[in-house]
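Asks: what's the 3D shape of this:
(chains A and B)
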Amino acid sequence: MLSPAFLSKLRSLLPPHCVLNEREDLLPFESDGLAAYRNIPDVVVLPESEAQVAAILQLCHASKVAVVARGAGTGLAAGALPVDGAVLLVLAKLNRIKAIDPLARTAVVEPGVRNLAISEAVAEHGLYYAPDPSSQIACSIGGNVAENSGGVHCLKYGLTVHNILALRAWTIDGQLLEIGNESLDAPGYDFLALMTGSEGMLAVITEVTVKLLPRPQRAQVVLAAFDDVAKAGAAVGNIIAAGVIPAGLEMMDRLAIQAAEAFVHAGYPLDCEALLLCEVDGVNEEVSADIYTVRQVLEASGAIEVRTAESEEQRLRFWAGRKAAFPAVGRLSPDYYCMDGTIPRAQLPHVLKRISEMSTECGLAVANVFHAGDGNLHPLILFDANQPGELAKAENFGGRILELCVEVGGTITGEHGVGLEKIKQMCTQFATPELTRFHDVKAAFDPDTLLNPGKAVPELHRCAEWGAMHVHGGQLPHPELPRF
Amino acid sequence: MLDTLIERIRAAHDSHTPLIIEGGGSKTFYGNPDEGEVLSTRKFTGVIDYQPKELVLTARAGTPLAEIEALLAEQNQMLAFEPPHFGGPATLGGSIAAGLSGPRRPYAGAARDFVLGVRMIDGTGQPLRFGGQVIKNVAGYDVSRLMVGALGTLGLITDVSLKELPTPAAETTLQFEFDEATAIARMNQWAGQPQPLSATSWHAGLLTVRLSGAASAVQAAQAKLGGEAVKDAAAFWQRLRDQTTPFFDTRSSSSNQCLWRLAVKPTALPLTVSNRLGGDAQWIEWGGAVRWLVSDRPAATLREAARAAGGHATLFRGNAPADGVFTPLAPALLTLHRNLKQRFDPRGILNHGRMVPEF
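Replies: From the prediction side, this is the model:
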């Protein structure tokens, strides 16, 4: 609980409508996009200026009160879950586009600006902001930086870290960090990379300079159906080996295809085990050359059907099925739980087989959608939260999938972040020395662990308690730690 | 061999002995001067894994860059950030620790953009592993990218995993006679259009532009942009990348001339730093974002010029000013650098002062 004295000081920093602590005002902030994790915040502040952010941080630092930063609240890993006794710092009101420079191809925006709003604002100049997480209509750029958000175009255009040039951020003791500049690099350590994906643990971002790209002249998509998931997986590698870097390369398995087709009637073939959508973009001639190559590779890889979208309308319809895959699967079951592991693509057949076996073992169905180009797998576990024990079962199944991803050389999170959701699996992916260094990085910025405490990096003793052990070369990690 | 490196760093840590990490020695000129015993990675070589279909290669730090590039070329792939060799036996580890990129950088990405994971030994002799071999990975802080350009001051990189890209099917280089202001404007205008640009350069009144992609796309762009096709263009870009043209060799000029790298906003107007040598003492790269100057002006003057143009200045070749070759960091950032260095290398034994003179 926060003291009345602290709350009164907090109120003195902000206009009355920017501080919420009545229960009905706090409820909308009890969870982020991962609604299975809920905690009503003690107080919510919605600053309207950078100076207010700095003042809030200084007060919290002086009072040793923790701060959880939150953007649009669309995150999927409980990274913005309120922490007891902490201030929830909502940056949504800092939502101005401060400058657009079409010639230099940059935009300077506040953290609460929505991802898609950037592309909309610069469209008149023939430019756009490339990272496009599926929540781009709602998610904000500050949160994108905090999570290093991706999207379906990462293989060609990169993640957030590849598409930003500079940040203004504030440390917990209220010092301004100007990271990066208007050129392409900066002296010193690469703090732009360190801040990106740091999940609100190191500093609070108040301004982002993003890189803008010219809109591709043309985009074209090819759809291919396979009677075998392994063949579809091999086709992905074959496309890349042929020298094509697709703008988007997505795979869906049988259950996901059926659900999507029933929901949006995208025109998908139903008599198949896997579907690939391969989009190429660029200048007109490049697209024509690439589409020719892609079709040849898909046919040679054993596709039972290959279709090129013949119009922009058909292209969008092919994508509509993929983009609606999550809600479509949601219609099959009262609840679903979306996982976010990344694997080396060659491991796909093995991983899908193991997921299918685990699904049988635990009695929960799973649909798989896959950013195949970059190896990012999103298994959707179907369950019913009203059935006692099913949520725990789904979480356990999800945890096993993530551990499998690590086992085959991948990672527990490709683009959603660790947050609180995957903090146990961090103990699987990293051993004590690496986790120690993560805590060291944290301590270099925030020695009192006031920023988003308890998220992203597990305490070492917690790894021992959870029994989630990083086993490498037959050696148990953390041998120095007591186990309870 | 890895054990030898670990032992060597542990012993240096125990005895407070400063070490200078060295690969091929092609970039010893870069950064602030440092002193210590040389710890060479040259014998720690070899490609550990290369999966062309995954676009991922993992190799040991001492592996010669040339060897990696030859291996990739067999599969029609490349290191798209075009790391400079500087005419020497550059290694993978050194290239990543220096974090430098070549002509393709503004269009394809920098060294840091292609690093997927590293194995390293920190200043206490602790081996560590960050990132991995997959393109998307947001578990934990991005320590692998933090190592890129850290000049070995946070740890010795032992292995690196990199993303590759396919070699473009066709490349053409065009040349235009433009003054500096027009060249800067054109580079930026074209970069804002869907054109297959892959490198740009302006020097002595000539704008040189490379186009890469499908043969049909390159031909179409050439028809649109005009200009004169350049023969032997590969050699031109290689010389620029490795700085083996006479322009970059300040040793041949009078003694006070230094080579400065001014990283600026790409649209920054022609710089007006006064210069004895006149207009030919500048070479512009990276779509206008890097201006190389051969100059005898004081560091403060060049840093101010770069700052006013939105960026920073680095003394690339020449005698280091007392406050170092890099633009000094603002106090808040300097504190964080010191904190990180203290955590990764508590006794300051790794490349002491190479990045920030005091540590």
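Asks: what mean pLDDT does stretch A:13-29 have?
Replies: Computed over stretch A:13-29, the mean pLDDT rounds to 97.
Asks: Pull the distance from that stretch to the chain's centre.
Replies: Stretch A:13-29 sits 27 Å away from the centroid of its parent chain (CA atoms, centre = their mean, to the nearest Å).
Asks: And that stretch, end to end?
Replies: Start-to-end span of stretch A:13-29 (CA to CA, to the nearest Å) is 21 Å.
Asks: Quick check: buried residues in that stretch?
Replies: Within stretch A:13-29, the residues scored as buried using 16 or more other CB atoms under 10 Å in any protein chain shown are A:13, A:14, A:18, A:19, A:20, A:26, A:29. No exception for glycine: its C-beta is placed from N, CA and C like everyone else's.
Asks: Hmm, residue A:56 and the first one touching each other?
Replies: Yes. With contact defined as CB atoms under 8 Å, residue A:13 counts as touching residue A:56 (6.0 Å).
Asks: those helices in the stretch 1-150 of chain B, which residues are they?
Replies: Using DSSP state H, counting those that start in this stretch, the helices of the stretch 1-150 of chain B run over residues B:2-15, B:65-74, B:92-98, B:105-108, B:111-114, B:143-147.
Asks: tell me the contacts of the residue lying closest to residue B:320 once chain neighbours are set aside?
Replies: Using CB to CB, 6 or more residues apart in numbering or on different chains and skipping residues adjacent in sequence, the residue nearest residue B:320 is residue B:32, 5.5 Å away. Shown in contact with residue B:32 (CB atoms under 8 Å, 6 or more residues apart in numbering or on different chains): B:320, B:324, B:325, B:326, B:353, B:354, B:355, B:356, B:357.
Asks: give me phi/psi at the residue nearest the centre of chain A?
Replies: Chain A has residue A:416 as the residue nearest its centroid, 2.7 Å off, counting by CA atoms, centre = their mean. Dihedral pair for residue A:416: phi -90, psi -20, per degrees, to the nearest 10.
Asks: How about the one 3 residues further on?
Replies: Backbone geometry at residue A:419, expressed as degrees, to the nearest 10, gives phi 50, psi -130.
Asks: Now do the same for residue A:245: its pLDDT.
Replies: 96.
Asks: is it true that it touches residue A:153?
Replies: No. In this structure residue A:245 lies outside contact range of residue A:153 using CB under 8 Å: 10.5 Å.
Asks: any idea how the chain splits into domains?
Replies: In the absence of a named chain, chain A is used. Split into domains by automatic domain parsing, chain A comes to A:4-90, A:97-214, A:218-313, A:333-421.
Asks: That was the other one, I meant chain B.
Replies: B:2-166, B:170-242, B:246-317.
Asks: winner for burial among those?
Replies: domain B:2-166 (a mean of 21; mean count of other CB atoms under 10 Å in any protein chain shown).
Asks: what's the span of that domain from first residue to last?
Replies: Start-to-end, domain B:2-166 (CA to CA) is 32 Å.
Asks: What average pLDDT does it get?
Replies: Domain B:2-166 comes out at a mean pLDDT of 97.
Asks: what distance separates it from the centre of its chain?
Replies: Its chain's C-alpha centre lies 12 Å from the corresponding centre of domain B:2-166 when counted by CA atoms, centre = their mean.
Asks: Would you mind listing what in the stretch 251-400 of chain A touches chain B?
Replies: A:282-286, A:288-290, A:342-346, A:371, A:374-376 (CB under 8 Å from any CB of the partner chain).
Asks: same thing but at 7 Å, please
Replies: Residues of the stretch 251-400 of chain A lying close to chain B (CB under 7 Å from any CB of the partner chain) are A:282-283, A:285-286, A:289, A:342-346, A:374-376.
Asks: Now do residue A:263: how many residues are near it, please.
Replies: Applying other CB atoms under 10 Å in any protein chain shown, we find 18 other residues in the vicinity of residue A:263.
Asks: Make sure I have this right: it is in a helix.
Replies: Yes. Applying DSSP: H, G, I helix; E, B strand; the rest coil, one finds residue A:263 inside a helix.
Asks: quick one on the thing from earlier: can you tell me which of the domains of chain B is nearest to residue A:51?
Replies: domain B:246-317 (23.9 Å; CB to CB).
Asks: what residue ranges in chain A score low on pLDDT?
Replies: Applying pLDDT under 70 to chain A flags residues A:467-484.
Asks: now the stretch 151-300 of chain B
Replies: Across the stretch 151-300 of chain B (using pLDDT under 70), the flagged ranges come out as B:252-255, B:274-280.
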